[in-house]
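1. Structure here, sequence nowhere to be found:
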């Protein structure tokens, strides 16, 4: 093959960054996946292939519960985010208020803060002597403080709060892409507001809803900070379990195996998102 | 509009107001807690004191804060330097293996960074570079997870650029270097700066990756805050959290308008 100078240019451009990513992203990830099927003593692999790591994770109640709780937390936060983000996005796209840009900026601003900052607020609200208990007791609704932490519900509320802007962004994108004349057409043909919304607006923005749900699901499933702050030993999820394996128990085979489960789940969600996206484009 | 058609919109406004309270409430409550007189997280705050804000800038918190700033700045600069050539190759050239290289580049954005973190921890330890844990491992990891942002924003800039501007310059006699220097790079600059802002914020806010490859004395602010978790929540922590939130906010307030960061944020999500 004749290699002119021109055809070499792209390779010169990508050479160094690609080598960097191979060395510090691709190979480490491949090593992680292979470590998950190799026997090891603590942090040193011994080289024998074994399915034991996965068998251990899937047969032990504690580990299995962490996996199931991650999935549950992902689905639930995704659902809450979509439920809250849709009315907000709809309002932000359709409002004619002169504060529109400010309102959009405020609803996306939480993206700038670390998840930790956004989650500590919930700790302050929900803890035993927190804002919510203080309020409920001063109104005389309760005489004993409610124990809301640690709990899976608190984790879901915290994650839904932290990830809401992602839902707003995806749903706003699909609402902006909607041709308003379709809604006008439906209404001029006699459909009421509710009917127009349910049979025109909602179905046409379904890709945004599904996209927002899957994105939130994927991020929530692998979140560490929120479950660490609002949860406890009784509400372990995959991320907190992985930290335990890697940094406390120094059982790197089980840590890698759980990391592999997380990685594969994230890739399945991504695949689903891409497939739905392709179907949308083809339609 | 008559009354019956206004009703749905008014109730929507009410719902939206509640959502804003839900969104901003916890952040405002955190800020309020930092003014407590005693070392307890009461809300509403009891008494008034600025001592916790002073403590937030004491050596215990200033050290990880400066560490985070240094790390985020370097990660943003390096990912811009690596992201610009990658985006050029993707947008301006066809070559075998392009889609694979693109997938590898954008991978860290899509895959959980927690997994990237433990992969890096294991890999560096296995090849005997465990002593890199701390600053060097963090810098490497942060460049890996920040690179997709700069590649995508530069690619958006290059796509938005009228495709024939470069060939027009070339046909008018500009050398390839002159085209690059005077046409392409200036037009790609907004994407590059927007990418640097995204990268800085992503690095500054990261928990999931840093958690595994930090070490005492060489850990970013987020990991330091998490490490404090065992001692419970104190007003100092509220003050530190608010300070750490204001830094990215200030960055976007100052530079965001200049590079039109909103457009990039929007296109980022619109594309995928």
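-> Arrived safely, thanks for sending. The model shown is predicted, which means the values in this text are computed figures rather than measured ones.

2. Need the single longest strand in chain A, by residues.
-> strand A:44-49 (DSSP state E).

3. neighbours of whichever residue of the stretch 101-250 of chain A sits closest to chain B, just the number please.
-> In the stretch 101-250 of chain A, the residue that lies nearest chain B is residue A:121 (2.6 Å; CB to the nearest CB). The C-beta positions use only the backbone N, C-alpha and C, and glycine is treated the same way. The number of residues packed near residue A:121 is 26, by other CB atoms under 10 Å in any protein chain shown.

4. Surely residue B:32 and residue B:45 touch.
-> Yes - with contact defined as CB atoms under 8 Å, residue B:32 counts as touching residue B:45 (5.4 Å).

5. Residues contacting stretch B:231-238, please?
-> A:120, A:123-124, A:127, B:30-31, B:33-36, B:39-41, B:52, B:55-56, B:61, B:225, B:228 (CB atoms under 8 Å, 6 or more residues apart in numbering or on different chains).

6. which of these count as buried?
-> When the contacts of stretch B:231-238 are checked for burial by 16 or more other CB atoms under 10 Å in any protein chain shown, the buried set is A:120, A:123-124, A:127, B:30-31, B:33-36, B:41, B:52, B:55-56, B:61, B:225, B:228.

7. So which of the contacts of stretch B:231-238 sit within helices?
-> Of the contacts of stretch B:231-238, the ones assigned to helices by DSSP state H are A:120, A:123-124, B:30-31, B:33, B:52, B:55-56, B:61, B:225.

8. Turn these into TSV, columns for pLDDT and distance to residue A:29.
-> Output for the ones in helices among the contacts of stretch B:231-238, formatted as TSV (pLDDT from 0 to 100; distance: CB to CB, whole Å):
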residue	pLDDT	distance to residue A:29
A:120	83	31
A:123	85	33
A:124	82	37
B:30	84	36
B:31	85	39
B:33	83	40
B:52	82	41
B:55	82	40
B:56	83	37
B:61	88	34
B:225	89	28
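
9. Out of these, the closest to residue A:50 would be?
-> Of all these, residue A:50 sits closest to residue B:225, with 38.4 Å by CB to CB.

10. Output the below-cut-off pLDDT ranges for the chain.
-> All of this is about chain A. Applying pLDDT under 70 to chain A flags residues A:1-6, A:42-43, A:278-283.

11. let's do chain B instead
-> Ranges of chain B meeting pLDDT under 70: B:1-5, B:162-163, B:230, B:232, B:257-263, B:265-272.

12. so where do the helices sit in it?
-> Using DSSP H, the helices of chain B run over residues B:3-33, B:51-56, B:59-92, B:98-110, B:113-126, B:135-160, B:164-171, B:176-179, B:185-205, B:210-213, B:221-227, B:235-251, B:257-259, B:261-270.

13. Single out the most deeply packed of the ones you listed.
-> Ranked by mean neighbour count, the helices of chain B are led by helix B:210-213 with a mean of 26 (mean count of other CB atoms under 10 Å in any protein chain shown).

14. How far does that one sit from its chain's centre?
-> 17 Å (CA atoms, centre = their mean, to the nearest Å).

15. now do stretch B:51-58
-> 25 Å.

16. Does chain A have contacts with it?
-> No - interface with chain A: stretch B:51-58 contributes nothing (CB under 8 Å from any CB of the partner chain), its closest point being 12.5 Å away.
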